[in-house]
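Chemist: kindly generate the corresponding structure for this input.
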Amino acid sequence: MKTFRWLFFLICWYGATGSFAQTNDLIWEIFQPFSGTFAELSQTTQTPTLTKVITSFYGPQTSPDLNNYKSRIRGYIFPQVTGYYTFYIASDDGSELWLSTDTSRTNKRRICLASVYRSSYTSNPEQKSDSIFLTGGRVYYVEVVHAEGSGGDWVKVGWTRPGESPSTINDISGQYISRLPGSEVTLAAGNVPAGRIPINSKNNVLYRFSVSSALMKATLSRVAFKTGGTYTPNDVKCFRLLYNDSIPSLSGARQRGSDTVVASGDSLVFLPNLAVPLNDTLYFMLVADIPASATENATVFIQSVSFDDIGFKWMPAKKGSNPLPAGGVKTIQNIHPEAISISKDSLSVVAGYSSLLTATVYPDSASFKNVYWISDNPSVATVDNNGKVTGKIDGQVRVIVMTYDSLLKDTCLVTVLPNNSPARDIAIVPSVVFLSPGESIRLSVITDPPYITRQTLVWTSDNDSVASVDTTGLVTGGAKGEAIIYATLQGALQAMCVVYVFPQQQETMPAEIELYPVPAHETLHLVFPQGSFREAAVVDMQGICRQTKELCHNHETLDVQSLPSGKYILVLTGNTTKALMFIKE
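Modeler: Numbering: from 1, shown residues only. Below you'll find the model as predicted:
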């Protein structure tokens, strides 16, 4: 039985894009004391002494006045117009302004500075940047580092936008800025003092906290409370975790779990698994229900709180136990990656072979160091999720690794060298082609192994008047008839493709063969001289064999009901070969 095969090859490129939800504010981080340099300040993972939300690129005078500190402002700028921008910085005392060419902190460079106290943007030429071309709608990482000795303390950034007079310097307002992606959990001390719990009451609020999500959605998965006091299980009927999505109040609050304890020092564990909406806050309250039979001098309070898992869409928050602050507020913040580096700047690999790249994310204490890998031309070389690079054909590609958090990236130039191993086999796809005069199709060659070089591939036709072929494998139909296209590799291996050329109009059916009805709908009847053909194959115009049938009688029927409408070739083989065109409606 003759078999027709059609092979398809599909190469897919998978990319990743990052997007930001603009917050229109920045976080001003103040470190007191901090004895390190500006470079160390930029990289520090130290918890800030104080953080402030600023709604423009201006860190105002601290109140009460602080002395001998360093501060940092990091985030993104969103230019709305494409063109050349000039930046300015002024501060009390010194400061530096850094800008990246994209969202990556690794591509930042210092563009201007105030080496000492500068009262205005134009006090010294060093405060003015060169003209910098920015694309409207794109996002750029920006960073300010600032030092304060004594006296006044502030820092601000301004710019001149495209089309504005060089003398026009505007402060950068909130519509052009956004804080770094990340989320924070604010733990606020409960408003019910430790001590005696009133009896015959419910909903005694022992502890309050809130979960705020900035730029990325957060999920509160698990929270545990360690209790203290003097009580028995009969004194406290139940502890419940309630939450409110609008105000920190019991009014309208919903329950997200309950638990009981046996004795003082036991822990309450809740698994709320509650998603926090983007740029929103949920307010949580731990309450105790006190039955009427409670001991008169029973007391209960919260000794400590542990958030064991606060997960985010791209990155989890730093885990660990966080004791209840004494009458204040404690904030858990993510440690963002500052840089990423690939183990090699360049790599050479032979087609058909693989090599491993590794990526290192800094600092080591970053909360989320997951990365993904991309090849900018997978037909030349691919890279998997572990950094394994595999050469396909000779050429060059860029392999890119990126962090999910902050979209930092690094690249490696990969050169795929030719594999000069001899091929073991060769095939043309498709192996059968049906054309009309003047119609063309490009043939492809597959080899075993698939990655060998093909400079010695030669195309020929045994009948150029029926079908011609050029040096790239492009076949063009000519006169009616049959031709064989050959592909010869390295002067030794050879594959062939059979090309049938039919006129646009259906010719008169050979007298000895009857094919009806034409066009066909459900059944195609075939009548031919007894014993002349042994098999029939229905092939579409792309060379794909749709069905075959062994011919046992001189009158056979073929079921064509499932075929899509269009033109088909009926190939009859036996003592001779015939190819007939029919139409299915």
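Chemist: hey, let's count contacts and neighbours off CA atoms from now on
Modeler: Noted.
Chemist: ends of stretch 431-440, what's the gap?
Modeler: Between the opening and closing residues of stretch 431-440 lies a distance of 15 Å (Cα to Cα, to the nearest Å).
Chemist: ditto for stretch 502-517
Modeler: End-to-end distance (Cα to Cα), stretch 502-517: 20 Å.
Chemist: go on, stretch 556-575?
Modeler: First residue to last in stretch 556-575 (Cα to Cα) measures 17 Å.
Chemist: which of the residues in that stretch are buried?
Modeler: Neighbour-count burial for stretch 556-575, with 16 or more other Cα atoms under 10 Å as criterion, is recorded at 556, 558, 560, 563, 568-573.
Chemist: turn those residues into JSON lines, including secondary structure.
Modeler: Shown next, in JSON lines, are the buried residues of stretch 556-575 (DSSP: H, G, I helix; E, B strand; the rest coil):
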{"residue": "556", "secondary structure": "strand"}
{"residue": "558", "secondary structure": "strand"}
{"residue": "560", "secondary structure": "coil"}
{"residue": "563", "secondary structure": "coil"}
{"residue": "568", "secondary structure": "strand"}
{"residue": "569", "secondary structure": "strand"}
{"residue": "570", "secondary structure": "strand"}
{"residue": "571", "secondary structure": "strand"}
{"residue": "572", "secondary structure": "strand"}
{"residue": "573", "secondary structure": "strand"}
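Chemist: quick one: which of these is nearest residue 286?
Modeler: Among these, residue 563 lies closest to residue 286 (Cα to Cα), at 67.3 Å.
Chemist: measure that closest one to residue 551 for me?
Modeler: Remark: distance between residue 563 and residue 551 (Cα to Cα) = 20 Å.
Chemist: residue 285 too?
Modeler: In this view, residue 285 and residue 551 are 82 Å apart by Cα to Cα.
Chemist: more neighbours: these two, which one.
Modeler: The residue with more neighbours, out of residue 285 and residue 551, is residue 285; 25 against 20, by other Cα atoms under 10 Å.
Chemist: for that one, what is the enclosing helix or strand?
Modeler: strand 280-290 (DSSP states H and E).
Chemist: can you list the buried residues in that strand?
Modeler: Within strand 280-290, the residues scored as buried using 16+ other Cα under 10 Å are 281-290.
Chemist: what residue spans form the domains of the chain?
Modeler: Taking the TED database as the reference, the chain has its domains at 26-178, 184-333, 340-417, 425-501, 514-584.
Chemist: format the ones you listed as TSV; extra columns: mean pLDDT.
Modeler: Formatted as TSV, those follow (pLDDT from 0 to 100):
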stretch	mean pLDDT
domain 26-178	88
domain 184-333	61
domain 340-417	87
domain 425-501	85
domain 514-584	83
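Chemist: partners of the strand holding residue 285, with directions?
Modeler: Sheet pairing of strand 280-290 (DSSP bridges) gives strand 201-214 (antiparallel), strand 238-244 (antiparallel).
Chemist: as JSON lines, the buried residues of strand 280-290 with distance to residue 167 would be great.
Modeler: Output for the buried residues of strand 280-290, formatted as JSON lines (distance: Cα to Cα, whole Å):
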{"residue": "281", "distance to residue 167": "42"}
{"residue": "282", "distance to residue 167": "46"}
{"residue": "283", "distance to residue 167": "48"}
{"residue": "284", "distance to residue 167": "51"}
{"residue": "285", "distance to residue 167": "54"}
{"residue": "286", "distance to residue 167": "57"}
{"residue": "287", "distance to residue 167": "60"}
{"residue": "288", "distance to residue 167": "64"}
{"residue": "289", "distance to residue 167": "66"}
{"residue": "290", "distance to residue 167": "69"}
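Chemist: next, give me the two most distant ones among those residues.
Modeler: 281 and 290 (28.9 Å).
Chemist: hmm, residue 567 is touching residue 582, no?
Modeler: Yes: proximity of residue 567 to residue 582 meets the contact threshold set by Cα atoms under 8 Å, at 6.0 Å.
Chemist: once you drop chain neighbours, what's closest to residue 354?
Modeler: residue 390 (4.2 Å; Cα to Cα, 6 or more residues apart in numbering).
Chemist: show me the contacts for residue 146.
Modeler: Residues counted as contacts of residue 146 (Cα atoms under 8 Å, 6 or more residues apart in numbering) are 38, 70-72, 91, 93-96, 155.
Chemist: just give me the closest of the residues you listed to residue 523.
Modeler: Residue 523 lies nearest to residue 72 out of the contacts of residue 146, by Cα to Cα, at 79.6 Å.
Chemist: could you point out which element follows the helix or strand that closest one falls within?
Modeler: Following DSSP H and E, one finds residue 72 within strand 69-77. Scanning forward in sequence from strand 69-77 by DSSP H and E, the next helix or strand is strand 83-92.
Chemist: contact partners of the next helix or strand after that following strand?
Modeler: Following strand 83-92 in sequence order, the next helix or strand is strand 95-100 (DSSP H and E). For strand 95-100, contacts defined as Cα under 8 Å, 6+ apart pick out 89, 106-116, 140-147, 155.
Chemist: just checking, what packs against the helix or strand following strand 95-100?
Modeler: Toward the C-terminal end, the helix or strand that comes next after strand 95-100 (DSSP H and E) is strand 108-114. Applying 3 or more Cα pairs under 8 Å, 6 or more residues apart in numbering; DSSP states H and E, one finds that strand 108-114 contacts strand 83-92, strand 95-100.
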